[in-house]
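> Sequence and predicted structure are below.
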Amino acid sequence: TSQQRTTRHVAADEAGIAEAARLLVAGGLVALPTETVYGLACDATDPRAVASLYAAKGRPSFNPLIAHVPDIAAARRVGQLTHAAERLAARFWPGPLTLVVPAHLDATSELARAGLTSVAIRVPAHPVALAVLRAAGRPIAAPSANRSGHVSPTSAAHVLADLQGRIDLVLDGGVSRVGVESTILDCTGEVPVMLRPGGLARETIEAALGAPLAAREVHAQTEDDEAPLAPGMLASHYAPNARVRLDALELHPGEALLTFAGAHPPGSESAVAVADLSPAGDLTEAAANLFALLRALDASGAAGIAVVPLPGHGLGEAIADRLRRASAPR
Ligand code: TXA
Ligand code: MG
């Protein structure tokens, strides 16, 4: 069970950043903005802090955390950057990309890695996150700052809705620019494998590598839950309360509509609520809006959320992945 805490909500100015770093070094729990989503940060080298983070999120401790660092040099101290990882890091960090590499076992707590000998590392592209990481001077574990199983937060208000009273501080840096979590690549083998589509599009990565990413091995029965390669990718990980129905060609009574590029399928007139991911039909904008609009439609009290068919290229792959999880039976 999680300890009761007084959660302070402060601006991400110089004083706020210093306070966040001080709390992290002291073993506290701090929500901070990144360009993808807000992260719930703690000292990745401190097993007590990591244990309290798992408790605050209600997250199973067999689901490893990403170690966040301010630059490539710090990343090399946390894991052994393979040839592919070095290339990708040079090209895309800071940015919405997480690289899984062989861990330097003493550099992060075993609990943060959930006992694995690999470690996931990311250098976020957000000035506030980078300032906190530099000031803390150690790898910082930061899963998305939501209760386990809930939609990821893209604003300080979203964080407070989930974690008020369970964490020490929310550093308010405004709305997250990218809006979906980082793309995760397993770089422990010869050819990088995409474990989770995210804020960096597959096409962009493949163009930089000059080769396709290896297909992810799909284990029988577990495309995305019990024992996936990114162990945290539980099927119903992004669930709102309302039932989510994908590829809707018409609306059912009592449903809210999540649409794209102004599409209005039959039955939309009587929708409980309507939100458009991107009236202009831009997938980058749609990703940025996804979690906030899911929360808003959920708050409308609709029994279900119908989602129109969406393009699958670019950030459409990450959007489809998150919506598929949101619609998974639970
Ligand atoms: O954009 C993001 O990545 C955000 C921001 C806050 O940085 N963080 C985030 O963390 O999404 P989280 O904990 O919600 O997702 C991390 C994912 C999980 O699915 C976990 O299983 C996977 O990374 N992961 C961590 N370490 C791993 C490892 N060694 N091997 C494979 N997957 C790993
Ligand atoms: Mg998460």
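Nice, thanks for sending it over. Ligands and ions are numbered 1, 2, ... in the order given.
> what does this protein have sitting close to ligand 1?
Taking CB under 6 Å from any ligand atom as the contact definition, the chain meets ligand 1 at 34, 36-37, 39, 63-66, 98, 100, 116, 118-120, 122, 124, 142-144, 181-182, 184, 195-196, 230-233. Backbone N, C-alpha and C define where each C-beta goes, glycine included.
> What values do phi and psi take at the residue positioned nearest the centre of the chain?
With distances taken as CA atoms, centre = their mean, the chain has residue 181 as the residue nearest its mean C-alpha position (3.1 Å). Residue 181 adopts backbone torsions of phi -70, psi 170, taken as degrees, to the nearest 10.
> quick one: it and residue 35 touch, right?
No. Using CB atoms under 8 Å, residue 181 and residue 35 do not qualify as a contacting pair, with a distance of 10.6 Å.
> just the helices in the stretch 51-200 of the chain please.
Assignment of helices within the stretch 51-200 of the chain using DSSP state H, counting those that start in this stretch yields the ranges 72-78, 83-92, 127-136, 156-163.
> Tell me which other helices or strands the first one touches.
Translated: helix 72-78. Judged by 3 or more CB pairs under 8 Å, 6 or more residues apart in numbering; DSSP states H and E, the packing partners of helix 72-78 are helix 83-92, strand 118-122.
> and if you look at the last one?
Judged by 3+ CB pairs under 8 Å, 6+ apart, the packing partners of helix 156-163 are strand 30-32, strand 169-172, helix 283-299.
> cutoff 10 Å now
Helix 156-163 is packed against strand 8-11, strand 30-32, strand 39-43, helix 47-57, strand 169-172, helix 283-299, with contacts defined by 3 or more CB pairs under 10 Å, 6 or more residues apart in numbering; DSSP states H and E.
> Let me see the mean pLDDT of the fifth one.
I take that to be strand 169-172. Averaging pLDDT along strand 169-172 gives 98.
> Paired strands for it, with orientation please.
Using DSSP bridges, the strands paired with strand 169-172 are strand 8-11 (parallel), strand 30-32 (parallel).
> which residues touch it?
The set of residues that contact strand 169-172 without belonging to it, under CB atoms under 10 Å, 6 or more residues apart in numbering, is 5-13, 16-17, 19-20, 22-24, 28-33, 38, 40-41, 128-129, 131-132, 145, 153, 155-160, 163-164.
> Can I get it in PDB, CA atoms only?
The C-alpha coordinates for strand 169-172 follow below in PDB (Å, rounded to 0.1, in the frame of the first residue of the first chain):
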ATOM      1  CA  LEU A 169       5.600  17.200  -5.900                       C
ATOM      2  CA  VAL A 170       4.200  18.000  -9.300                       C
ATOM      3  CA  LEU A 171       6.500  20.200 -11.400                       C
ATOM      4  CA  ASP A 172       4.100  22.000 -13.800                       C
END
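> Tell me which of the strands paired with strand 169-172 is the most buried.
Among those, judged by mean count of other CB atoms under 10 Å, the one packed with the most neighbours on average is strand 30-32 (a mean of 29).
> contacting residues for residue 201?
Taking CB under 10 Å, 6+ apart as the contact definition, residue 201 lies against 96, 183, 207, 283, 284, 287, 313, 314, 315, 316, 317, 318.
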